[in-house]
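Participant: Please work out how this folds:
(one chain, ligands or ions: 2)
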Amino acid sequence: MLARRYEAPTVEQVLDHIRQDLGPDAVVLYARERKPPWWWRWLDPGGVEVIAMPRFAPPAPPPRWRAAAPIRLTRGRCRRVAFVGPTGAGKTTTIAKLACEFRLRGWDVQLVAGDTWRVGASRQLVEYGKALEVPVHPLSALERNLHAEVLLVDLPGVHPSMGQRWEEVRNVLSRARPHEVHLVLSATTSSAVLRQVQKDVVELSATRCVLTHLDEVDSPTLQEALAAVDLPLSYLTYSPEVPGDIASARSRTARRWLPWG
Ligand SMILES: Nc1nc2c(ncn2[C@@H]2O[C@H](COP(=O)(O)OP(=O)(O)O)[C@@H](O)[C@H]2O)c(=O)[nH]1
Ligand SMILES: [Mg+2]
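Facilitator: Ligands and ions are numbered 1, 2, ... in the order given. The predicted model follows:
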């Protein structure tokens, strides 16, 4: 039952009781002073009768999000695309998924292993490169002119608690001279950390965001993460599998994952 009846000898007492019971924003629906006949007052002195109900917060509006264009390539031209983001967000996996997509569509794809901080990170990319039959270069190779149509550059990740290290990522990124920078964020990350990371990476000039791990969160968590992301989304990923399970934010698949906004 939503509405409840309260009774007390004075208005102050009845309001105190309602606030304790239903919270400070309770709504009074009905109030009257109750005065029994004089000959009955020795048994029942009367008082105040109030019917009240709790106030419900309106549901949060669904998150709005913007879809950015996917990576656009031109035959015979080289597009350098860098991926930055916290450790474990899914940068390397996203690069492997994209490399596979581009390769299947006949583009000349090459990878650059720029994550020299994490033990085994380059190795992970080299393994993907072997499996996809795509060349993998060290970061120093970017000083030469690599003949590829798309160069996907993997960069070191920074743990959210080590925000000061983004400056070092910026130095690595400046060596890569990318045409576009995508910030990779996981939907499993709390919205407070997502906001903090976006503040920390402002200097990296990321213009789009890849949202990963959609398969690992429930709908309210996903909506919360989405509300915390400021950049337009370029891609979504929804499994650790390579190949597959990546969608452009402009695709129908993306609408199925993110039906709001
Ligand atoms: N379930 C799920 N796992 C993912 C997804 N993307 C990446 N992963 C996993 O998350 C972990 C970290 O990914 P990785 O690409 O190494 O992150 P990086 O540190 O940013 O390069 C790995 O175990 C991946 O298999 C995703 O969309 N869904
Ligand atoms: Mg990695």
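Participant: contacts and neighbour counts: CA atoms only from here.
Facilitator: Will do.
Participant: how about the strands in this structure?
Facilitator: 4-8, 27-34, 47-53, 79-84, 109-113, 136-138, 150-154, 180-186, 208-212, 233-237, 246-248 (DSSP state E).
Participant: OK, contacts around the most centrally placed residue in the chain?
Facilitator: With distances taken as C-alpha atoms, centre = their mean, residue 225 lies nearest the centre of the chain, 3.3 Å away. Residue 225 makes contact with 187-191, 194 under the criterion C-alpha atoms under 8 Å, 6 or more residues apart in numbering.
Participant: CSV please, covering those and showing pLDDT, distance to residue 220 and neighbour count.
Facilitator: Output for the contacts of residue 225, formatted as CSV (pLDDT from 0 to 100; distance: C-alpha to C-alpha, whole Å; neighbours: other C-alpha atoms under 10 Å):
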residue, pLDDT, distance to residue 220, neighbour count
187, 98, 11, 29
188, 98, 11, 19
189, 97, 13, 18
190, 96, 12, 14
191, 95, 12, 19
194, 97, 16, 23
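Participant: and of the residues you listed, the nearest to residue 249?
Facilitator: Distance to residue 249 across those (C-alpha to C-alpha) is lowest for residue 187, with 14.4 Å.
Participant: so the closest one touches residue 220, yeah?
Facilitator: No: judged on C-alpha atoms under 8 Å, residue 187 makes no contact with residue 220 at a distance of 10.9 Å.
Participant: what number of residues lie near residue 118?
Facilitator: Residue 118: 11 surrounding residues under other C-alpha atoms under 10 Å.
Participant: Can you give me the pLDDT of it?
Facilitator: Note on residue 118: pLDDT of 76.
Participant: quick one on the thing from earlier: let me have the strands of the chain in JSON lines, adding mean pLDDT, distance to residue 69 and mean neighbour count as columns.
Facilitator: Shown next, in JSON lines, are the strands of the chain (pLDDT from 0 to 100; distance: least, C-alpha to C-alpha, whole Å; neighbours: other C-alpha atoms under 10 Å):
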{"stretch": "strand 4-8", "mean pLDDT": "94", "distance to residue 69": "54", "mean neighbour count": "17"}
{"stretch": "strand 27-34", "mean pLDDT": "93", "distance to residue 69": "48", "mean neighbour count": "14"}
{"stretch": "strand 47-53", "mean pLDDT": "94", "distance to residue 69": "49", "mean neighbour count": "18"}
{"stretch": "strand 79-84", "mean pLDDT": "96", "distance to residue 69": "13", "mean neighbour count": "24"}
{"stretch": "strand 109-113", "mean pLDDT": "95", "distance to residue 69": "19", "mean neighbour count": "25"}
{"stretch": "strand 136-138", "mean pLDDT": "93", "distance to residue 69": "26", "mean neighbour count": "19"}
{"stretch": "strand 150-154", "mean pLDDT": "96", "distance to residue 69": "16", "mean neighbour count": "27"}
{"stretch": "strand 180-186", "mean pLDDT": "98", "distance to residue 69": "12", "mean neighbour count": "23"}
{"stretch": "strand 208-212", "mean pLDDT": "98", "distance to residue 69": "9", "mean neighbour count": "25"}
{"stretch": "strand 233-237", "mean pLDDT": "98", "distance to residue 69": "6", "mean neighbour count": "26"}
{"stretch": "strand 246-248", "mean pLDDT": "98", "distance to residue 69": "8", "mean neighbour count": "22"}
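Participant: Thanks again, I'm all set now.
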